[in-house]
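*Asks:* what's the 3D shape of this:
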Amino acid sequence: MSRVLHTAQALVDVILEVDALPARGGNTNARTERRYAGGAVTTLLAAARTGAEAVHGGAHGTGPNGDLIREVLGADGVAVSDVPREDADTGYCVVLLEPSAERTFLTVYGAERDVDSESFARMAPRPGDLVCVSGYSLFEPTREPLLEFLEGLEGGVDVVLDPGDPFATFPRALQDRMLALTTVWTSNADEARALTDLDHLEDTPQAIRRRLRPGAVVVVRDGERGCHVFHHGRGTEIPAFPQTPVDTNGAGDTHTGVLLAERALGADWESAATRANAAAAIAVTRRGPQSAPSRAEVDEFLS
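*Replies:* Alright, predicted model coming up:
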């Protein structure tokens with residue numbers, strides 16, 4: 001069976017609910033505080049709950065944050081291929097959550113940045129596996145170890161790029177180096193527009209596809225309007241299931257996790273995207289980044 005492997009950082013999300021962001025130099029009070037395992041964890045949990053075998057290949061630390069990451073991954077049967085870093089804890093991300101469900105992030109780095117190409121190689125990718133990459137991993141010091149690992153993969157391993165906000169700001173040479181390795185692009189609408197400099201979202205998948213490896217697939221999420229899937233020279237709009245959101249944190253990662261898990265289990269791209277849209281719709285009605293539904297919950301929702 002194909003597996004979903006993730007190279008990106010697993011962090012602890014500290015969710016602070018606020019009525020509004022303070023003005024610069026000002027102050028506001030948080031109404032609630034919650035701690036979750038986030039980052040790559042969200043995608044991996046979504047994949048595992050869909051029924052795929054999932055493995056985290058990023059670094060993790062010792063201490064309360066690293067313990068939380070391993071506990072949450074283990075509870076859903078997600079394997080951890082690397083060993084804990086004895087001299088550092090996993091980092092964390094402070095998420096300021098407004099009533100509109102808009103989020104603002106502050107990140108503190110930790111052991112998750114302590115990687116080399118051998119760290120990733122412990123996942124032992126094999127043909128048919130889907131290896132996930134985050135654009136945030138293309139900053140130093142994780143950039144070169146990650147690219148060295150990806151460039152050494154054998155044929156038949158899919159490289160899945162979730163570019164994140166920073167990817168479009170990287171030098172063209174770095175973009176091209178990563179895109180030449182990419183067989184699956186999955187992003188939100190803003191990230192697709194930023195890379196292509198195109199206003200019409202329906203034009204972005206084909207433009208992105210031209211910069212990827214031959215035979216690549218492009219998936220662009222468009223919030224409550226669903227997503228666009230482009231492959232084999234053909235684009236398909238997959239409708240969404242609009243809900244009233246209470247927390248959009250993790251919805252995109254949930255979509256990616258379910259999309260890739262369905263592919264690992266043998267679904268075509270359009271069917272996988274439909275189930276991913278349904279999973280994301282369920283996720284936004286729940287609080288926290290660990291809101292991915294089970295396969296049975298998606299089945300019930302679609303029925």
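*Asks:* now do the strands in the stretch 151-300 of the chain.
*Replies:* 158-162, 184-188, 217-221, 227-231, 234-238 (DSSP state E, counting those that start in this stretch).
*Asks:* now those strands as a markdown table including mean pLDDT, distance to residue 275 and mean neighbour count?
*Replies:* To be clear about C-beta, it is placed using only N, CA and C from the backbone, and glycine gets the same treatment. Shown next, in a markdown table, are the strands of the stretch 151-300 of the chain (pLDDT from 0 to 100; distance: least, CB to CB, whole Å; neighbours: other CB atoms under 10 Å):
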| stretch | mean pLDDT | distance to residue 275 | mean neighbour count |
| --- | --- | --- | --- |
| strand 158-162 | 98 | 17 | 25 |
| strand 184-188 | 98 | 14 | 26 |
| strand 217-221 | 98 | 13 | 25 |
| strand 227-231 | 96 | 11 | 23 |
| strand 234-238 | 94 | 10 | 15 |
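*Asks:* reformat these as JSON lines; add distance to residue 172.
*Replies:* What follows is the strands of the stretch 151-300 of the chain, written out as JSON lines (distance: least, CB to CB, whole Å):
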{"stretch": "strand 158-162", "distance to residue 172": "16"}
{"stretch": "strand 184-188", "distance to residue 172": "17"}
{"stretch": "strand 217-221", "distance to residue 172": "19"}
{"stretch": "strand 227-231", "distance to residue 172": "22"}
{"stretch": "strand 234-238", "distance to residue 172": "25"}
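*Asks:* any idea which of the ones you listed gets closest to residue 136?
*Replies:* strand 158-162 (9.0 Å; CB to CB).
*Asks:* show residues contacting the closest one.
*Replies:* Residues outside strand 158-162 that contact it (CB atoms under 8 Å, 6 or more residues apart in numbering) are 8, 43, 129-135, 150, 153, 167, 178-179, 181-187, 252-253, 256, 260.
*Asks:* so which of the residues you listed are in helices?
*Replies:* Counting by DSSP state H, the part of the contacts of strand 158-162 found in helices is 43, 150, 178, 179, 252, 253, 256, 260.
*Asks:* middle-most residue in this protein, spatially?
*Replies:* What sits nearest the mean C-alpha location of the chain, by CA atoms, centre = their mean, is residue 253, with 4.0 Å.
*Asks:* residues contacting it?
*Replies:* So residue 253 contacts 42, 43, 46, 162, 289 (CB under 8 Å, 6+ apart).
*Asks:* so who does the nearest residue in space to the second one that is not next to it in sequence touch?
*Replies:* Leaving aside its sequence neighbours, residue 43 sits nearest to residue 257 (CB to CB, 6 or more residues apart in numbering; 4.0 Å). For residue 257, the contact set (CB under 8 Å, 6+ apart) comprises 4, 42, 43, 44, 45, 46, 47, 50, 54, 279, 292.
*Asks:* try 6 Å this time
*Replies:* 43, 46, 47 (CB atoms under 6 Å, 6 or more residues apart in numbering).
*Asks:* now do stretch 110-125: distance to the chain's middle.
*Replies:* Relative to its chain's centre, stretch 110-125 lies at 17 Å (CA atoms, centre = their mean, to the nearest Å).
*Asks:* what comes up buried for that stretch?
*Replies:* Buried residues in stretch 110-125, counted by 16 or more other CB atoms under 10 Å: 110, 111, 112, 113, 114, 115, 119, 120, 121, 123, 125.
*Asks:* what's the span of that stretch from first residue to last?
*Replies:* 26 Å (CA to CA, to the nearest Å).
*Asks:* which residues sit against it?
*Replies:* Here stretch 110-125 has contacts from 5, 7, 9, 55, 57-59, 61, 81-82, 85, 88-91, 131, 141-142, 145, 148-149, 153, 157, using CB under 6 Å, 6+ apart.
*Asks:* show me those that map onto strands.
*Replies:* The strands, defined by DSSP state E, take in 5, 55, 131 from those.
*Asks:* just among those, which is most surrounded?
*Replies:* residue 5 (28 neighbours; other CB atoms under 10 Å).
*Asks:* got a list of what that one touches?
*Replies:* Residue 5 neighbours (CB under 6 Å, 6+ apart): 55, 57, 123, 125, 129, 131.
*Asks:* can you check residue 18 too?
*Replies:* Under the criterion of CB under 6 Å, 6+ apart, the contact list for residue 18 reads 28, 30, 96.
*Asks:* which non-adjacent residue is nearest the second one?
*Replies:* Read it as residue 30. residue 16 (4.0 Å).
*Asks:* for the contacts of residue 18, which one is nearest residue 217?
*Replies:* Nearest member of the contacts of residue 18 to residue 217, counting by CB to CB, is residue 96, at 34.2 Å.
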